[in-house]
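**Q** Have a look at this prediction, sequence included:
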Amino acid sequence: MRAYLMWVVMCLAACSAKQPAADDVTADVFLSEAKKDPAQLLDVRTLSELEAGYVPGSWHVDYKDPRFEDAVDALDRSKTYLVFCASGVRSGRAAAAMRAKGFTVLTLRGGLGAGGVVTSPALPMPEGLTWRAAEPTDSQQRIFSLPNGEVYAAVACQKGTPAFCPRFEAKFAKPAFGRDSVFANPVETQDYIVRQFRSNPISQ
């Protein structure tokens, strides 16, 4: 009888201990799952955080943006989404909202701050090329310009997608500047434009 009571106490203690959710995974599991098909990395940080360092191959949907729900509704529900942020708080909230909509979601335990998932810095703008928002409050569309004001390239959501979207299209003003390309997020698009500009400098 005593042995049975001890077993019950041990079980109760184990059950009461706070355990990480099964869908909140370590960096090793997170990266392993990211290699599977269909899986998609989803960064829910702000655009400024993304520009400070991004995870290659990830899509970007800002959890703090009021259009977050619309952006999620536009995503493919057949994919498994691997959601991350800086500390794990926003990704947990974003994941809960996505699961309520029928998505399969895993989150990165502790976020990027916990280590294990490496970010890449965005390429700095070279001298002679600047960018501005297409509209003052628009963080999803950009115009890249030369010093004389001539448009070098324009970045916007890919054609046929909602106004808020995780894939972006670069359109160059002239064929000589570069080819049209589609990328997962604004930072990858900017990096491509910067590389094109550096490899084909424009004489002023």
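**A** Good, I have the coordinates.
**Q** Next, find the distance separating Leu50 from Pro124.
**A** When Cβ to Cβ, to the nearest Å is applied, the distance between Leu50 and Pro124 equals 15 Å. All C-beta spots, glycine's among them, are computed from the backbone N, C-alpha and C.
**Q** Looking at the two, which has the bigger crowd around it?
**A** More neighbours surround Leu50 than the other of Leu50 and Pro124, with 21 against 8 (other Cβ atoms under 10 Å).
**Q** contact partners of stretch 92-105?
**A** When contacts are defined by Cβ atoms under 8 Å, 6 or more residues apart in numbering, stretch 92-105 is touched by residues 23-24, 42, 44, 61, 63, 68-69, 72-73, 75, 77, 79-83, 85, 106-107.
**Q** typo on my end, it should be stretch 36-54
**A** Contacts for stretch 36-54 (Cβ under 8 Å, 6+ apart): 33-34, 55, 57-64, 68, 76, 78-86, 90-91, 94, 112, 119-122, 139, 166, 185-188.
**Q** ok, and the helix or strand in the chain with the lowest average confidence?
**A** Among the helices and strands of the chain, helix 2-16 carries the lowest confidence by mean pLDDT, DSSP states H and E, at a mean of 48.
**Q** which strands and helices sit next to the helix or strand following that helix?
**A** Past helix 2-16, further along toward the C-terminus, the next helix or strand under DSSP states H and E is strand 24-25. Using 3 or more Cβ pairs under 8 Å, 6 or more residues apart in numbering; DSSP states H and E, the elements in contact with strand 24-25 are strand 104-108.
**Q** Let's see that with 10 Å instead.
**A** Strand 24-25 sits against helix 27-34, helix 89-100, strand 104-108, with contacts defined as 3 or more Cβ pairs under 10 Å, 6 or more residues apart in numbering; DSSP states H and E.
**Q** Quick one: mean pLDDT over the last one.
**A** Right, the one you point to is strand 104-108. In this model, strand 104-108 carries a mean pLDDT of 98.
**Q** related to what we said a few turns ago, just tell me which of the helices and strands packed on strand 24-25 ends up closest to Glu135.
**A** Taking Cβ to Cβ as the criterion, helix 89-100 is the member of these that comes nearest to Glu135, at 25.4 Å.
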